[in-house]
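1. coords below, sequence missing:
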Ligand SMILES: C[C@@H](O)C(=O)SC[C@H](NC(=O)CC[C@H](N)C(=O)O)C(=O)NCC(=O)O
Ligand code: NI
C-alpha cells in the first residue's frame, strides 16, 4: 500500500493556490476540470517531492474546488497537514508579511502552525530538528505502560 494524497475542499481556488503555491511554495502537479460534476481538482506537491509526484510516487494534497459555493464547517476530526521546512522563522515571517494567520509562532525554532484561507491547519516543522513533542507523561515514573 502507498500513501497517495490528502484531499481538502477549498472555497476559493485562486486564493488557495496563492496560499499553497505562491506563499507556502507547493508545486502544481496536475489539474482536472470536471464539467459534469462542476468541480476542479488540483494536485500539489512539496518542492522536494515534485519529481517523484510527477512519477506518481510522492504524497500530495488534492484541492477540490466545487464551482457551486458550499459551507465547509465542522470536520473537527481533521487535524492538520504537516511539512518539513528549511527555515521556519523565514517562512513564517514571509507568510505573516503576506497576511497569513500564524496560529502558533515558531518560538522554539522547531514547530509552527499556520492557517490556510479555509482555516485548514498547516504544521511547519524545522527540518533536522527533533519533533517538539511534549510528553505530558514525562514527569511521571515510567510505568512501563507506554
Ligand atoms: C481523483 C481522486 O483522487 C478523487 O479524490 S475524486 C473523488 C470524488 N471527488 C469529487 O467528486 C469532488 C467533488 C465533490 N463534490 C466533493 O466535494 O467531494 C469523490 O468521490 N468525492 C467524495 C469524497 O467524499 O471525497
Ligand atoms: Ni482523492
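-> Okay, I see it. All values reported here derive from a predicted model rather than from experimental measurement. Numbers count the residues shown, from 1 in each chain. Ligands and ions are numbered 1, 2, ... in the order given.
2. near the closest residue to ligand 1 within the chain, how many other residues are there?
-> For the chain and ligand 1, the shortest gap (Cβ to the nearest ligand atom) falls at residue 39, measuring 4.0 Å. C-beta: built from backbone N, CA, C; applies to glycine. By other Cβ atoms under 10 Å, the residues close to residue 39 number 16.
3. same thing with residue 99?
-> When counting by other Cβ under 10 Å, one arrives at 10 neighbours for residue 99.
4. so residue 106 touches residue 87, yeah?
-> No - Residue 106 is beyond contact range of residue 87, at 9.6 Å (criterion: Cβ atoms under 8 Å).
5. tell me, what's touching these two both at once?
-> Common neighbours of residue 106 and residue 87 are listed as residue 126 (criterion: Cβ atoms under 8 Å, 6 or more residues apart in numbering).
6. who's more crowded, these two?
-> Legend: neighbour count by other Cβ under 10 Å for residue 106 and residue 87, higher for residue 106 (23 against 13).
7. dump the residue contacts of that one.
-> 88-89, 92, 112, 124, 126.
8. and residue 43, which of the three is it?
-> Here residue 43 is strand, with the state taken from DSSP: H, G, I helix; E, B strand; the rest coil.
9. quick one: contacts for it?
-> Contacts here follow Cβ under 8 Å, 6+ apart; on that basis residue 43 touches 5, 28-31, 53, 60-63.
10. buried residues in the helix of greatest length in the chain?
-> Longest helix in the chain by number of residues (criterion: DSSP state H): helix 88-97. Neighbour-count burial for helix 88-97, counted by 16 or more other Cβ atoms under 10 Å, picks out 88, 91-92, 95.
11. what of stretch 25-37?
-> Within stretch 25-37, the residues that count as buried by 16+ other Cβ under 10 Å are 26-27, 29.
12. again, but for stretch 4-21
-> 5, 8-10, 13, 16-20.
13. which members of the contacts of residue 43 are positioned in helices?
-> Reading helices off the contacts of residue 43 with DSSP H, I get residue 53.
14. save the contacts of residue 43 as TSV, and put in distance to residue 81 too.
-> Below are those laid out as TSV (distance: Cβ to Cβ, whole Å):
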residue	distance to residue 81
5	11
28	16
29	16
30	18
31	19
53	15
60	11
61	6
62	11
63	11
